[in-house]
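Trainee: just need the structure, nothing else, for what follows:
(chains A, B and C)
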Amino acid sequence: MNFDNIMFALEIIGTIAFAISGVMVAKEGKMDIFGAIVLGCATAVGGGVIRDLILGKTPPDMFKDPIYVIVAVVTCVMDFIIEKIRIKKGKTDSGYKLNEINNTILNIADSVGLAAFVVVGCQAAIRVGFNDNYLLISFVGVVTGIGGGIFRDMLAGQMPLIMRRRIYAMAAIAGAVIYCFATAYFSEILSAVVSMAVVIIIRFLAIYFKWNLPSF
Amino acid sequence: MNFDNIMFALEIIGTIAFAISGVMVAKEGKMDIFGAIVLGCATAVGGGVIRDLILGKTPPDMFKDPIYVIVAVVTCVMDFIIEKIRIKKGKTDSGYKLNEINNTILNIADSVGLAAFVVVGCQAAIRVGFNDNYLLISFVGVVTGIGGGIFRDMLAGQMPLIMRRRIYAMAAIAGAVIYCFATAYFSEILSAVVSMAVVIIIRFLAIYFKWNLPSF
Amino acid sequence: MNFDNIMFALEIIGTIAFAISGVMVAKEGKMDIFGAIVLGCATAVGGGVIRDLILGKTPPDMFKDPIYVIVAVVTCVMDFIIEKIRIKKGKTDSGYKLNEINNTILNIADSVGLAAFVVVGCQAAIRVGFNDNYLLISFVGVVTGIGGGIFRDMLAGQMPLIMRRRIYAMAAIAGAVIYCFATAYFSEILSAVVSMAVVIIIRFLAIYFKWNLPSF
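Mentor: All right, here's what the predicted structure looks like:
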């Protein structure tokens, strides 16, 4: 099991977590299953599509390797069915314990996914040949990580959550900038590990200490 | 009169119907004539622009052949004037009979346009050379059909209607997938006719029987 | 000091004015400093990014010459701090005189920026080689001028202001169309000066006489 396989596994975890976050927004908006699939897929693969358009990679990667779309669609359909069953059983307000465990699992998966997406995004820019354009590398890294969520919220007609969200975006930015510079001096694997660790640690510290940025 | 001319005529019908739907949204938002033109054009040509960006065709087709933009702008201006006259005459709440006939005509034009846009979108992907990437072909087919409406609603600051709309998107998806596979075995013309028929039939059955997808 | 330097200075003025308008929207939405920076940068460089994607210039110019992003970020941070201090001092409702002067300065800077962005946008299309496609040239000119503001409002989950705004967009369109045709007969400098003058004059006449377009 080499490093590429591990990155792929982390990306799939992220795809599932992001797709579920899309279904949650669809649920709040009382949408049908089609809306849930659109929002789920937009969250899961939207960041990568924006990245590829900026890098001039057409068609975007999601069309070259459909595994991510397939995972996202299957996740959305399964999550939609599970939520429907839970609503029918009137379990939305009970089962706090279970909900809390679910939330923790989702938060971990989402953090891991964010970290993996940021690193994969930076790598995409480097592989296209922009290895000395740090602004571009970090930007597309961040966009790969948080672009899908922004796209989801715009599609749902809401102000993107990220605009008000605890250090979520800052974690992505820190990870992208660190990867960007680390990769100039260290191996790809070491850079990726350090960068992903930073993203995950910042996110968890932020959740734990309820960090917030100064706001109006 | 060959098949290309028929497709062109159907596309123009769709352009007019889509532009009118943009003006309707502008009317609800109390926008000025500029807003009406922007929303009308966004609905009419927006799907094609997104498709071309994904396919890497720059500049998008709307700039190479301005007929669609011209038709859309003229439609918007005429419709804006007509609506203003009707509002002045206080006819918004009367003339039910006329309104119903208008609605039926608009629905037919919109269905025909949706069907034509989906097929044209699939053909664009195939002509660029992606003829064995079924995910890409069907995706850009669907985007050509429904992307303009999504763009219109995002510009108007609303949740895209499609997220809650009767099988509209499903009709587009069915048409795109069918075209995609049919074109591998049958002639372009036969594939196009069957695919468009499916889109139109699904839309009308959905309106007639008030079909809805399962929703939260 | 040649003409290119003057254009660059005008663009920087526009970048600052546009970034401030983004921070204002962030303030209304009670966002944190990250939201302010995102909205400020989206307003300042978003129009150019959309233009470059349409023209097929990847990566977009903002990544090739980071000065605009740097100016935008610095502006956002400084403006955020200034606004925070003013809010703390309870100065939001007092100091009418000062506010009015500020508003006038901002309006002038915004008009100058709009004019410069429109001309730069048209020039970008011409330099890529589309010098006989007037629709494309004027479209990307307008998009460079007003696209950032539309993007800002979509990110903030609001209906784009431009849809209801006094002749703002019309000024951009007039400037772009005039530049487009002027450049076919006159020198680049003369075309730019005339076109920018038209944008600024229309905007000021509109503000002064409170012009509005006919609306629903």
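Trainee: quick one: contacts for the residue positioned nearest the centre of chain A?
Mentor: Against the mean C-alpha coordinate of chain A, by C-alpha atoms, centre = their mean, the closest residue is residue A:114 at 4.2 Å. By C-beta atoms under 8 Å, 6 or more residues apart in numbering or on different chains, the contact list for residue A:114 reads A:14, A:145, A:146, A:168, A:171, A:172, A:175, A:199, A:203. In this view, the C-beta of every residue, glycine as well, is placed from N, C-alpha and C.
Trainee: next SSE after the one helix or strand residue A:13 maps to?
Mentor: Applying DSSP states H and E as the criterion places residue A:13 in helix A:3-28. Where DSSP H and E defines the elements, the next helix or strand beyond helix A:3-28 is helix A:33-55.
Trainee: name the next helix or strand downstream of that next one, please.
Mentor: As assigned by DSSP H and E, the chain's next helix or strand after helix A:33-55 is helix A:61-64.
Trainee: please identify the buried residues of that next one?
Mentor: Neighbour counts over helix A:61-64 (16 or more other C-beta atoms under 10 Å in any protein chain shown) mark A:61, A:62, A:63 as buried.
Trainee: hmm, who's touching stretch A:127-137?
Mentor: A:54-57, A:122, A:125-126, A:176-177, A:179-181, C:59, C:63-64, C:66, C:69.
Trainee: which among the residues you listed are in contact with chain B?
Mentor: Applying C-beta under 8 Å from any C-beta of the partner chain to these, one finds that residue A:56 fall near chain B.
Trainee: ok, of the contacts of stretch A:127-137, which come out buried?
Mentor: So, of these, A:54-57, A:122, A:125-126, A:176-177, A:179-180, C:59, C:63, C:66, C:69 end up buried under the neighbour-count rule (16+ other C-beta under 10 Å).
Trainee: sorry, back to before: what is the nearest of the contacts of residue A:114 to residue A:28?
Mentor: residue A:168 (18.3 Å; C-beta to C-beta).
Trainee: phi, psi of that closest one?
Mentor: phi -50, psi -50 (degrees, to the nearest 10).
Trainee: show me which residues of the lowest-mean-pLDDT helix or strand in chain A are buried.
Mentor: When the helices and strands of chain A are scored by mean pLDDT, DSSP states H and E, helix A:96-128 comes last with a mean of 86. Neighbour-count burial for helix A:96-128, counted by 16+ other C-beta under 10 Å, picks out A:109-126, A:128.
Trainee: close to chain B: what parts of chain A are there?
Mentor: Contacts of chain A with chain B, taken as C-beta under 8 Å from any C-beta, map to A:26-27, A:29-36, A:38-39, A:49, A:53, A:56, A:58-60, A:63-64, A:66, A:69, A:83-84, A:87, A:154-158.
Trainee: mind giving me the PyMOL select for the residues you listed, buried ones only?
Mentor: To isolate the buried members of the residues of chain A next to chain B in PyMOL, using 16+ other C-beta under 10 Å:
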select buried, chain A and resi 26+27+29+31+32+33+34+35+36+38+39+49+53+56+58+59+60+63+66+69+83+154+155+156+157
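Trainee: and the residues of chain A next to chain B near chain C, which?
Mentor: A:53, A:56, A:154, A:157, A:158.
Trainee: relative orientation of the helix holding residue A:13 and helix A:33-55 in degrees?
Mentor: 130 degrees (axes from the mean of the first three to the mean of the last three C-alpha atoms, to 10 degrees).
Trainee: other SSEs contacting helix A:3-28?
Mentor: For helix A:3-28, the packing partners by 3 or more C-beta pairs under 8 Å, 6 or more residues apart in numbering or on different chains; DSSP states H and E come out as helix A:33-55, helix A:67-88, helix A:96-128, helix A:134-155, helix A:188-209.
Trainee: where among these is average confidence lowest?
Mentor: Note on the helices and strands packed on helix A:3-28: helix A:96-128 shows the lowest mean pLDDT, a mean of 86.
Trainee: tell me who's in contact with the closest residue to residue A:79 other than its chain neighbours.
Mentor: Distances taken as C-beta to C-beta, 6 or more residues apart in numbering or on different chains place residue A:23 nearest to residue A:79, at 4.6 Å, with adjacent residues excluded. Neighbour list for residue A:23: A:36, A:39, A:40, A:75, A:76, A:79, A:80, A:83 [criterion: C-beta under 8 Å, 6+ apart].
Trainee: turn those into JSON lines, columns for distance to residue C:4.
Mentor: What follows is the contacts of residue A:23, written out as JSON lines (distance: C-beta to C-beta, whole Å):
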{"residue": "A:36", "distance to residue C:4": "52"}
{"residue": "A:39", "distance to residue C:4": "46"}
{"residue": "A:40", "distance to residue C:4": "48"}
{"residue": "A:75", "distance to residue C:4": "52"}
{"residue": "A:76", "distance to residue C:4": "51"}
{"residue": "A:79", "distance to residue C:4": "55"}
{"residue": "A:80", "distance to residue C:4": "56"}
{"residue": "A:83", "distance to residue C:4": "58"}
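Trainee: just the closest of the residues you listed to chain C, please.
Mentor: Set against chain C, the nearest of the contacts of residue A:23 by C-beta to the nearest C-beta is residue A:39 (15.0 Å).
Trainee: so the closest one sits against residue A:22, correct?
Mentor: Yes: contact criterion C-beta atoms under 8 Å: residue A:39 and residue A:22 qualify, at 3.7 Å.
Trainee: so what sits against both of these two?
Mentor: Joint contacts of residue A:39 and residue A:22 (C-beta under 8 Å, 6+ apart) are residue A:152.
Trainee: what about residue A:73, distance to chain C?
Mentor: 26 Å (C-beta to the nearest C-beta, to the nearest Å).
Trainee: that residue contacts residue A:41, correct?
Mentor: Yes: counting by C-beta under 8 Å, residue A:73 does reach residue A:41; the two are 6.4 Å apart.
Trainee: shared neighbours, the two?
Mentor: Common neighbours of residue A:73 and residue A:41 (C-beta under 8 Å, 6+ apart) do not exist.
Trainee: neighbour-wise, which of the two wins?
Mentor: Legend: neighbour count by other C-beta atoms under 10 Å in any protein chain shown for residue A:73 and residue A:41, higher for residue A:41 (25 against 16).
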